[in-house]
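In: fold the following for me, if possible:
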Amino acid sequence: MSDKYHKDLSIEVLVGFFMFIILIALGVFTIVLSRQNFLQETYPVAITFDRISGLRNGDNVFLRGMKVGTVKSTVLNSNHVVVRADLDVPVQFREGYKVEVVASSMLGGKQLKINEGPLDAPVIPEDAVISGTTPTDILEELGAAVAGIREMTDQIAEGKGTLGKLIKDETVYDDLQSTMANLKEVSGRLANGEGTLGKLLAKDDQLYQDLSTTMANLRTITDKVEAGDGTLGKLVNDDQMYSEAQKLLAELRAAIDDMRETSPVTTFSTVFFGAF
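Out: Down below sits the predicted model:
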């Protein structure tokens, strides 16, 4: 009887010890998988939001694209929500900071994103209330967009706006038809080679050839002028001819001035000797 009792007791102790080892292993695995170090110092922070759009306890906190902590609690307080998070590093908020709730992936989930503000901005006092940005609700935005599209389609159906008038007003349609007919007539005339533009576009490229020849001749003339060929070229390029022309004009001006000075004497002599 005693041997059986001792045997049963040994089995119970062995089972209990085995269960104890399993519990310790589960605890270690839990700590490793949660990536939490209970001995590491944390830095609590509280942020006040109007709403948090599904942010939950355990969601990650990111700073400059790196995970720096987790959300510990979300408490509804009067007309706002207080989010408390434990950070692995201290964060010094400065003027221009921004804290927002953003989607963690396209499949859902939220995360807290912190921007502590410009480095050269004044520091926010430690006892100041940190306010978060009101998150955008995708469903609300989508609903507003659908409502706007519905209102626009109703206005078009009632003939309001330019697009509505194009659909409902036959006058606009008639004007458009008339315009298209005029454009068709103009394009037909161009295709038939009528008018200057039509001749330029016609298969008979005589006008184009004449224009090309004229441009070539003008280019030849300008090249000759630039090279100093001919009278015009020499006038443009030869400084000596310019100087001689200036000298000739000066002499002509002097001769005219002399004629003006001697004109009274000549007139008097003519009158005096004419009297005898």
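In: quick one: the helices in the stretch 51-200 of the chain?
Out: Remark: helices assigned in the stretch 51-200 of the chain by DSSP state H, counting those that start in this stretch are 138-157, 161-168, 170-191, 195-201.
In: to residue 74, which of those lies closest?
Out: When the helices of the stretch 51-200 of the chain are compared by Cβ to Cβ, helix 138-157 sits nearest residue 74, at 19.6 Å. For the C-beta atoms, the positions are set from N, CA and C on the backbone; glycine is no exception.
In: how about residues contacting that closest one?
Out: 103, 161, 163, 164, 167 (Cβ atoms under 8 Å, 6 or more residues apart in numbering).
In: most surrounded residue in the residues you listed?
Out: residue 164 (17 neighbours; other Cβ atoms under 10 Å).
In: which non-adjacent residue is nearest that one?
Out: Spatially, and ignoring its direct neighbours in sequence, residue 164 is nearest to residue 156 (4.5 Å; Cβ to Cβ, 6 or more residues apart in numbering).
In: measure stretch 155-165 end to end?
Out: With Cα to Cα, to the nearest Å as the measure, stretch 155-165 spans 10 Å from end to end.
In: what's the domain layout of this protein?
Out: 1-34, 43-136, 140-168, 205-255 (automatic domain parsing).
In: for the biggest strand by length in the chain, what is the distance to the chain centroid?
Out: Assignment by DSSP state E gives strand 66-77 as the longest strand of the chain. How far strand 66-77 lies from its chain's middle: 35 Å, per Cα atoms, centre = their mean, to the nearest Å.
In: direction included, what does it pair up with?
Out: strand 60-63 (antiparallel), strand 80-87 (antiparallel) (DSSP bridges).
In: now name the helix or strand holding residue 48.
Out: strand 43-49 (DSSP states H and E).
In: just the angle between that strand and strand 66-77, please?
Out: Strand 43-49 runs at 50 degrees relative to strand 66-77, counting by axes from the mean of the first three to the mean of the last three Cα atoms, to 10 degrees.
In: buried set for strand 43-49?
Out: 45, 47, 49 (16 or more other Cβ atoms under 10 Å).
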